[in-house]
Every structure is written in structure tokens, then in C-alpha cells.
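Peer 1: take this sequence and fold it.
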Amino acid sequence: MPDKTYARRSARVLLVDARGRLLLLQSYHDGRRPRLGTFWMVPGGGVEDSEPVVAAAARELHEETGLLVAPALLGVPVATTGGYADLGWAKGMFRDDFYLHRVVDHQMSTDGWLAHERRHMVGHRWWTVDELARTTETVYPLELAALLTDLLAGRIPERPRPLPWHH
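Peer 2: Model prediction:
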């Protein structure tokens, strides 16, 4: 369940295919002002009132990618990040929990995107670890290439790995 001490609690899924690539979604920093540029992020979003975080991760994965996964198959979070931000629409402490899910392959679907996602989302792409490590584009969460390197090598943390906050 979401913790009321957070302005926003989010659940996200590191979706990795059989070739070791990670699916990222590209979004405008501000959908009303595309000139401000874009960033890449892991699928996921806000946890609804009284919703378990893992259920939110599964729901958001389905909405944003079309992939239906039972929450129990996501297991426990492998990473977390959080901190203070003032995003205009929300101000205070934020927290994101990241789950790992592997698929053989997946054809991305935007059919479940909500209106605000359709305004802000630009596209999607499967990324290799090397591409993540070399890119000069903005990618959230920070230190994603190092985390993915460990996860692909089978180094699953006993507790969620803390990642730096990006605001």
C-alpha cells in the first residue's frame, strides 16, 4: 500500500527480453512544450490509494506496454530511488520501486495509454547495456546501466538497491 508520507509513490518494471535488452519509454519533459526535450524511462507509474505496490507495477506495465503479468510473477523490488521534487503537479517526497521481469520477446502496445501519456510519450525502444552506458540522452533512473549489468549477470540484490534521485 502507498505510504501517505510520499507526494507520489511509483512502481516500475525493468522489462528485459531474451537478448538482454531493456524496454524504455521516451517522454517529453513537458508535453505542452516539446522544445524542452525528452528523456527515457522505465515503464511504470503511480500507485493508487490502497493498491499494493507490486499490483501497481503489474497494472502500469499492462497499461504502458500491453504486457499482462500477474503481480506475483514480479517478485520483490530489485531497486528503489526517491527524494524531494517539485514537479508543479506534485510537491514533496517521491519514491519509485523497480521490479525485474524477463520475457522472450514482446511487441509493444500503446493501446492502454491514458490521455496524459498520449500527450507526453514520444515512443519506445529496446536498449542494450552498452547503449545505456554510452548514451548522452537523459535516462531515468540514474545508474541504470550498472544495475542492469548486475541483474543480467544474475546478481539479484537481497534488498532493493538504492539508486540516486534524479531531481
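
Peer 1: which strands or helices does the longest strand seen in the chain pack on?
Peer 2: As assigned by DSSP state E, the longest strand anywhere in the chain is strand 91-102. Contacts defined by 3 or more CB pairs under 8 Å, 6 or more residues apart in numbering; DSSP states H and E place strand 91-102 against strand 8-16, helix 53-65, strand 79-86. C-beta here means a position set from N, CA and C on the backbone, and glycine is covered the same way.

Peer 1: for those, give me TSV that also has mean neighbour count and distance to D97.
Peer 2: What follows is the helices and strands packed on strand 91-102, written out as TSV (neighbours: other CB atoms under 10 Å; distance: least, CB to CB, whole Å):
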stretch	mean neighbour count	distance to D97
strand 8-16	23	5
helix 53-65	22	5
strand 79-86	16	5
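
Peer 1: quick one on the thing from earlier: mind listing what's buried along the longest strand of the chain?
Peer 2: Residues of strand 91-102 classed as buried by neighbour count (16 or more other CB atoms under 10 Å): F94, R95, D96, D97, F98, Y99, L100, H101.

Peer 1: what angle do that strand and helix 53-65 make?
Peer 2: Put simply, strand 91-102 runs at 80 degrees to helix 53-65, going by axes from the mean of the first three to the mean of the last three CA atoms, to 10 degrees.

Peer 1: pairing partners for strand 91-102, with directions?
Peer 2: strand 8-16 (parallel), strand 79-86 (antiparallel) (DSSP bridges).

Peer 1: which parts of the following helix or strand past it are buried?
Peer 2: Moving toward the C-terminus from strand 91-102, the next helix or strand (DSSP states H and E) is helix 115-120. For helix 115-120, the neighbour count (16+ other CB under 10 Å) marks E117, H120 as buried.
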